[in-house]
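# Predicted model follows, preceded by the sequence.
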Amino acid sequence: MTTNSKIRVRFCPSPTGDPHVGMIRTALFNWAFARKNNGTFVFRIEDTDAARDSEDSFKALLAAMRWLNLDWDEGPEVGGPHGPYRQSERKDIYSPIAKDLLENGFAYNCYCSQEETSERSKALQAQGKASGYDGFCRELSDEKIAEFKSLHRVPVIRFRMPDKPITFTDLIRGEITFQPEHVPDYVIVRANGEALYPLVNPIDDALMQITHVLRGEDLLSSTPRQIALYEAFSSIGVGNGTIPEFGHLPYVMGEQNKKLSKRDPQSSLSLYKSEGFLPEGLMNYLGLLGWSFGEDREFFSMKEMADNFDIARVSANPARFDIKKCTAINADWIRSLSTQDLADRLLPFLVGAGYSVENKERALILQAIPLIQERMETLSQAVGMLRFLLENDEEFAIESADLPQVQSAESKTVLTKVIEQLTGLEDWETQVLHDKLNELLVQEMGLKPRLAFTPIRVAITGRRVSPPLFESMELLGKQSCLSRISKALMV
Ligand code: GLU
Ligand code: ZN
């Protein structure tokens, strides 16, 4: 696609619960499409459902967008010419439009109760016909209306779907046709006057001059309804008369080939933040869910994704969410950081785990990073790997699962010999330590290296999985090493 400054896309989540990865994938694809085409990325909050929406969730959404560097051109906090960008602040816009639709015959009052509509829908199904609303109130006589009113029935407003097939060309799926019997008339305003998603979403898209709607496949069935609404909008003068192009992104599948749902723990964005995924890593992985960079390339930045974004490479097939792959990509991103950058990102995790990090600890961390960078998949893993450097010898303790590693008779022999050998050592340096201990344990005592070094590693770092042993010993220093080994002899 050529550069087109008029492209306008939107990300318009409803603020319910925690933000989830499926929704962020949608945001990312819209963002990349806008950036690639020098377009405008609009962020709108669809908070018309007072019972489900929450302020906390709204705040979490904004924080997520900021954390992930999904910068928006119009929307909350940044404003823009089509604001406000929260639907709860746009309510006055919707009722006059609903009224116009009613007055011009595009919609009608429906007095049916829920029970009546669902009973008739079941009856249709029993006859082998398409279920759904049967158009009962489309042409009510004045007498019938008077009767409903005398019964104090308050109507909903239903949109009158045109009795013709609706065809559109999906940017991802190609031409799609919906037959009229599969798209029954639908409710746009509740009896209490609340305008609903199927109405307010296209109104805002029209008023905000959205040109392309990229959203999840689960919303495919609302597209024919919205196209019919757009046709009505041009008759009643809402928006500029253009119908956006639609592209429906493939489903994201979770465990057991089921659609990833909000309830899956791995779908919750807050988990990735607290586990210490880098925004770069997570966004890189989400970029692979239904899109491909080409040339089999799997490691790329958001900027690179945006520069290369092509909707033609979005697949219509479901994408599988694979947490292992996501973690591996995150590990690649961690390895790509500079020492200083990684240190800065680790800090909140160390502080969050209760360690005080002053200048002395900062210097130690900077020295330790090259030792752990290759071994980390997430930032939070650094806490366990670095704690031996941050705890003083009194508070330091071996992880209980690894205690047996220092408790056997062989381990005790090793640790005792190590103390004897190292007490007089002056040059406390990686290479010297390596040579001395190798000589003592492997050559003289004839132990296998793993058997020889594991007790020392556990005594000093508190766990079997640690940064490399001799480097760790050098960093920790002679006094602490010897004191920890002595202490390990007593547990
Ligand atoms: N608020 C809707 C949702 O979160 C937006 C859907 C759309 O993109 O049209 O599902
Ligand atoms: Zn009705």
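That came through fine. Ligands and ions are numbered 1, 2, ... in the order given.
# Quick one: residues contacting the residue in the stretch 351-491 of the chain that ligand 2 sits nearest to.
Nearest to ligand 2 in the stretch 351-491 of the chain, going by CB to the ion, is residue 378, at a distance of 54.2 Å. C-beta: built from backbone N, CA, C; applies to glycine. Counting by CB atoms under 8 Å, 6 or more residues apart in numbering, residue 378 touches 275-277, 327, 330-331, 334.
# I'd like to know how far it sits from ligand 1.
Distance from residue 378 to ligand 1, counting by CB to the nearest ligand atom, to the nearest Å: 28 Å.
# ok, now how distant is that residue from residue 306?
Between residue 378 and residue 306 the computed distance is 25 Å (CB to CB, to the nearest Å).
# Helix, strand, or coil at the residue of the stretch 101-250 of the chain found nearest ligand 1?
Ranked by CB to the nearest ligand atom, the top residue of the stretch 101-250 of the chain for proximity to ligand 1 is residue 215, at 3.5 Å. Put simply, residue 215 is strand when judged by DSSP: H, G, I helix; E, B strand; the rest coil.
# Helices along the stretch 301-450 of the chain, start to end?
302-308, 323-335, 339-352, 359-372, 381-390, 404-407, 409-423, 430-437, 449-461 (DSSP state H, counting those that start in this stretch).
# Surely residue 335 and residue 374 touch.
Yes - counting by CB atoms under 8 Å, residue 335 does reach residue 374; the two are 6.4 Å apart.
# what's downstream of the helix or strand hosting residue 35, the next helix or strand?
Element membership of residue 35 [criterion: DSSP states H and E] is helix 21-36. Downstream of helix 21-36, the next assigned helix or strand under DSSP H and E is strand 40-43.
# what's next to that next one, contact-wise?
So strand 40-43 is contacted by 7-12, 30-31, 34-35, 65, 70-76, 80, 82, 85, 208, 210 (CB under 8 Å, 6+ apart).
# From the residues you listed, keep the buried residues only.
7-12, 30-31, 34-35, 65, 70, 72, 74-76, 80, 82, 85, 208, 210 (16 or more other CB atoms under 10 Å).
# now, which of these lie within strands?
8-11 (DSSP state E).
# quick one: contacts for the closest residue to residue 37 other than its chain neighbours?
Sequence neighbours aside, residue 7 is the residue nearest to residue 37 in space, at 4.5 Å (criterion: CB to CB, 6 or more residues apart in numbering). Residues near residue 7 by CB under 8 Å, 6+ apart: 33-34, 37-40, 211-212.
# again with residue 9
Applying CB under 8 Å, 6+ apart, the residues contacting residue 9 are 30, 33-34, 39-42, 210-214.
# Close to ligand 2: what parts of the protein are there?
Counting by CB under 5 Å from the ion, the residues of the chain close to ligand 2 are 110, 112, 136-137.
# mind running it again at 8 Å?
Within reach of ligand 2 by CB under 8 Å from the ion, the chain has these residues: 110-112, 116-117, 133, 136-137, 155-156, 158.
# Can you name the residue of the stretch 151-300 of the chain nearest ligand 2?
residue 158 (6.9 Å).
# Spit out the contact partners of that residue.
With CB under 8 Å, 6+ apart, residue 158 has these contacts: 107-110, 133, 137, 185-188.
# Tell me if I am right that it is in a strand.
Yes - assessed by three-state DSSP, residue 158 belongs to a strand.
# now could you export just the CA positions of stretch 217-230 as PDB?
The C-alpha trace of stretch 217-230 is given here as PDB (Å, rounded to 0.1, in the frame of the first residue of the first chain):
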ATOM      1  CA  GLU A 217     -12.500 -12.400  14.000                       C
ATOM      2  CA  ASP A 218     -15.100 -12.700  16.800                       C
ATOM      3  CA  LEU A 219     -16.600  -9.400  15.600                       C
ATOM      4  CA  LEU A 220     -17.100 -10.600  12.000                       C
ATOM      5  CA  SER A 221     -20.800 -11.100  12.600                       C
ATOM      6  CA  SER A 222     -21.300  -7.500  13.500                       C
ATOM      7  CA  THR A 223     -19.800  -6.200  10.300                       C
ATOM      8  CA  PRO A 224     -22.900  -6.700   8.000                       C
ATOM      9  CA  ARG A 225     -24.900  -4.900  10.600                       C
ATOM     10  CA  GLN A 226     -22.500  -2.000  10.800                       C
ATOM     11  CA  ILE A 227     -22.300  -1.700   7.000                       C
ATOM     12  CA  ALA A 228     -26.100  -1.500   6.900                       C
ATOM     13  CA  LEU A 229     -25.900   1.200   9.500                       C
ATOM     14  CA  TYR A 230     -23.300   3.200   7.500                       C
END
